[in-house]
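A.B. asks: Here you go, sequence then predicted model.
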Amino acid sequence: MVQGIKVLREGRDKVVINQYKKIYEGKKAVLDLADSGYTQPIKRDDILVLGRTGLGGLLAGSYSFNLGNYATDHDRLIADKLAYVMCGGDLSAPTKVSEQYLLDLERETFLSLLGEKKTLERIESVLNTGKPKRN
């Protein structure tokens with residue numbers, strides 16, 4: 001099933017079923033990368049984000065979906081926080097930012113969502129049933 005949706009990259013990704021061999025295989029893969037001369041990619045600092053210009057449109061969209069009962073209040077909260085990250089936060093104009101800036105925004109937003117009871121209920125539902133809870 002996983003192959004059908006192309007989650008794994010052929011020749012690069014590996015699935016280890018035996019729990020006793022996971023660390024061994026992981027360490028071996030890292031050492032093979034190091035031996036082949038792998039270096040970390042250069043982090044980008046030229047990612048264009050729209051700031052408030054884009055944020056306004058996305059927030060209006062999430063409000064409309066919520067108003068039309070296509071999205072719950074919590075769906076809207078998640079959408080608004082995602083829009084904030086995608087637009088680079090509360091920037092006054094379109095700006096180029098670094099990859100690290102966006103990663104920091106994403107981490108901050110994710111941690112704030114983990115402080116929400118409804119987010120934890122959704123995570124628990126997916127882990128227990130495989131289906132998201134609509135709350």
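C.D. replies: The structure has been received and is ready for your questions.

A.B. asks: give me the element residue 82 is part of.
C.D. replies: helix 73-86 (DSSP states H and E).

A.B. asks: can you list the residues that contact the helix or strand following that helix?
C.D. replies: Towards the C-terminus, the helix or strand next in line after helix 73-86, according to DSSP H and E, is strand 95-97. For strand 95-97, contacts defined as C-beta atoms under 8 Å, 6 or more residues apart in numbering pick out 45-49, 51, 88, 91. Placement of C-beta: from N, CA and C, glycine included.

A.B. asks: Please identify which pair of those lies farthest apart.
C.D. replies: Between any two of the contacts of strand 95-97, the greatest separation by C-beta to C-beta is 16.5 Å, found for 45 and 51.

A.B. asks: So the two - more neighbours on which side?
C.D. replies: Using other C-beta atoms under 10 Å as the criterion, residue 45 and residue 51 rank with residue 51 on top: 18 against 11.

A.B. asks: can you tell me how far the residue sitting furthest away from the middle of the chain sits from residue 29?
C.D. replies: In the chain, counting by C-alpha atoms, centre = their mean, residue 35 sits farthest out from the average C-alpha position, at 30.6 Å. Remark: distance between residue 35 and residue 29 (C-beta to C-beta, to the nearest Å) = 11 Å.

A.B. asks: cool, residue 106 as well?
C.D. replies: Residue 106 is 26 Å from residue 29, by C-beta to C-beta.

A.B. asks: check contacts around the residue nearest the centre of the chain.
C.D. replies: For the chain, residue 106 is the residue whose C-alpha lies nearest the centre (C-alpha atoms, centre = their mean; 7.4 Å). Neighbouring residues of residue 106 by C-beta under 8 Å, 6+ apart: residue 85.

A.B. asks: what about it, distance to residue 86?
C.D. replies: The value you get for residue 106 to residue 86, if C-beta to C-beta is used, is 9 Å.

A.B. asks: How is the chain partitioned into domains?
C.D. replies: Annotated domains of the chain cover 3-35, 47-129 [automatic domain parsing].
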